[in-house]
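Enquirer: Need a 3D model of the following:
(one chain, ligands or ions: 1)
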Amino acid sequence: MAELRNIVVLTGAGISAESGIDTFRDAGGLWEKHRVEDVATPQGYERDPALVQRFYDARREAVQKVSPNPAHEALARLDREWEGGLLIVTQNVDDLHERAGASRVVHMHGELLSALCPICERRHRWTGPLIERPECPSCEARSLRPDVVWFGEMPYQMDRIYAALRRADLFVSIGTSGAVYPAAGFVRDAREYGARTLELNLERGEGSYWFDESQQGRAGELVPAWVD
Ligand SMILES: CC(C)NC(=O)[C@H](Cc1c[nH]c2ccccc12)NC(=O)[C@H](CCCC/N=C(/NCCC(=O)O)S[C@H]1O[C@H](COP(=O)(O)OP(=O)(O)OC[C@H]2O[C@@H](n3cnc4c(N)ncnc43)[C@H](O)[C@@H]2O)[C@@H](O)[C@H]1O)NC(=O)OCc1ccccc1
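Expert: Purely as a prediction, here's the structure:
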C-alpha cells in the first residue's frame, strides 16, 4: 500500500451530535423544526431576515453552551501529531474543532460566530444582532448577515479543498449523511485521485457505496479508535 502522507477528513453534523448540537436530518433535527427554504436560502433571508437572524441566534446560544467531544479531541490530537498533510474540511458552522485545538480546519459552509458584510465583503466577529440588518462596522451599511453558505450559494475555499483532495492518500468522512453537494461528491473526487476512502458514521450515508470501508457507530468511539 502506497505510503500514507496526505489525509483529508470531511466532517458533518454527526460529529457534534454527542456534544448536544442538533443534526439536520435525524429525528428531532433542525430541518424538522424549520423549513430549509425559510432559514437557509438567500431568498428566505430577503423575505424575512428577522426569522433567519433568530434561527442563527438560537444556534449560536446552543453552541456556546456545549463543549467538544472525544471525536473532536481525537482529530485535534491527529492535527498536532501528524507530520504529513492534513485538512479537516467541515460542513459544520460550530467552532468545536478549533475549541478542541485543531488548526488545519476549513469551514466550507461558514461559521456561526462570524458576520459577513455583502457590501464591502469584510467579516466581523458576531456580537449579536437583536435587529434585522445590523450595521457593518467597516462601511456602515445596514447589511451584516450570518457568514454561512446558504443553499444555492458557492461554498468557501473550494480551490483549497479540491487541491487537498487531489493530493490525498486517504479520505475519511465522519458524521455526515452525504445529502448535500458539493461535499457529498468529495468521496468520488478523492477516489478518482487514487485515495483510499473510509466512512465513520452512525448509519450508512447516501454515498456509502463509494467508500472502500464503512464503519457504523458513534463518532465519539469510532474516531479516537481510528486516530490512536
Ligand atoms: C439538498 C441537496 C440535494 N442540495 C444541494 O446539495 C444543493 C444544490 C446542489 C448543488 N449541486 C447539486 C448536485 C446534485 C443535487 C443538488 C445539488 N447544494 C448547494 O446549494 C450548495 C451549498 C450547500 C450548503 C448549504 N448550507 C448548509 N449549511 C450552512 C448553513 C447552516 O448550517 O445553517 S448545508 C447543511 O446541511 C448539511 C447537513 O448535512 P450533515 O452535516 O451530513 O447532517 P445530517 O443531519 O444530514 O446527517 C447527520 C449524519 O450524522 C450521523 N450521525 C448522527 N449522530 C452521530 C454520531 N453520534 N456519530 C456519528 N454519526 C452520527 C447520522 O447518521 C447522519 O448520517 C451540511 O452540509 C450542513 O452544512 N451550493 C452549491 O452547490 O453551489 C454551486 C456549486 C456547485 C459546485 C461547486 C461549487 C458551487
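Enquirer: Please make it C-alpha for all contacts and neighbour counts, starting now.
Expert: Fine.
Enquirer: Can you show me the helices along this structure?
Expert: Secondary structure of the chain (DSSP state H): helices at 14-17, 30-33, 36-39, 42-47, 49-64, 70-81, 96-99, 158-167, 186-192, 219-227.
Enquirer: how about those helices in TSV, adding distance to the ligand, mean pLDDT and mean neighbour count?
Expert: Below are the helices of the chain laid out as TSV (distance: least, CA to the nearest ligand atom, whole Å; pLDDT from 0 to 100; neighbours: other CA atoms under 10 Å):
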stretch	distance to the ligand	mean pLDDT	mean neighbour count
helix 14-17	3	97	24
helix 30-33	8	76	13
helix 36-39	7	88	18
helix 42-47	11	94	16
helix 49-64	7	91	17
helix 70-81	9	98	20
helix 96-99	14	98	19
helix 158-167	7	98	16
helix 186-192	11	98	19
helix 219-227	4	98	17
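Enquirer: Distance to Val105 for those helices - can I get that in CSV?
Expert: CSV is the format used below for the helices of the chain (distance: least, CA to CA, whole Å):
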stretch, distance to Val105
helix 14-17, 14
helix 30-33, 24
helix 36-39, 25
helix 42-47, 25
helix 49-64, 18
helix 70-81, 9
helix 96-99, 7
helix 158-167, 10
helix 186-192, 16
helix 219-227, 16
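Enquirer: Surely Ala184 touches Ser208?
Expert: No. Judged on CA atoms under 8 Å, Ala184 makes no contact with Ser208 at a distance of 10.1 Å.
Enquirer: hmm, back to that, between the helices of the chain, which gets nearest to Glu135?
Expert: Shortest distance between Glu135 and these, using CA to CA, is found for helix 49-64: 13.8 Å.
Enquirer: C-alpha coordinates for that closest one, PDB please?
Expert: Taking Å, rounded to 0.1, in the frame of the first residue of the first chain, the C-alpha atoms of helix 49-64 are listed here in PDB:
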ATOM      1  CA  PRO A  49     -34.400  38.500   7.800                       C
ATOM      2  CA  ALA A  50     -35.600  38.600  11.400                       C
ATOM      3  CA  LEU A  51     -36.700  34.900  11.200                       C
ATOM      4  CA  VAL A  52     -33.300  33.900   9.800                       C
ATOM      5  CA  GLN A  53     -31.500  36.000  12.500                       C
ATOM      6  CA  ARG A  54     -33.500  34.300  15.200                       C
ATOM      7  CA  PHE A  55     -32.700  30.900  13.700                       C
ATOM      8  CA  TYR A  56     -28.900  31.600  13.800                       C
ATOM      9  CA  ASP A  57     -29.100  33.300  17.200                       C
ATOM     10  CA  ALA A  58     -30.600  30.200  18.700                       C
ATOM     11  CA  ARG A  59     -27.800  28.100  17.200                       C
ATOM     12  CA  ARG A  60     -25.200  30.500  18.500                       C
ATOM     13  CA  GLU A  61     -26.600  30.300  22.000                       C
ATOM     14  CA  ALA A  62     -26.700  26.500  21.800                       C
ATOM     15  CA  VAL A  63     -23.100  26.200  20.600                       C
ATOM     16  CA  GLN A  64     -21.800  28.400  23.400                       C
END
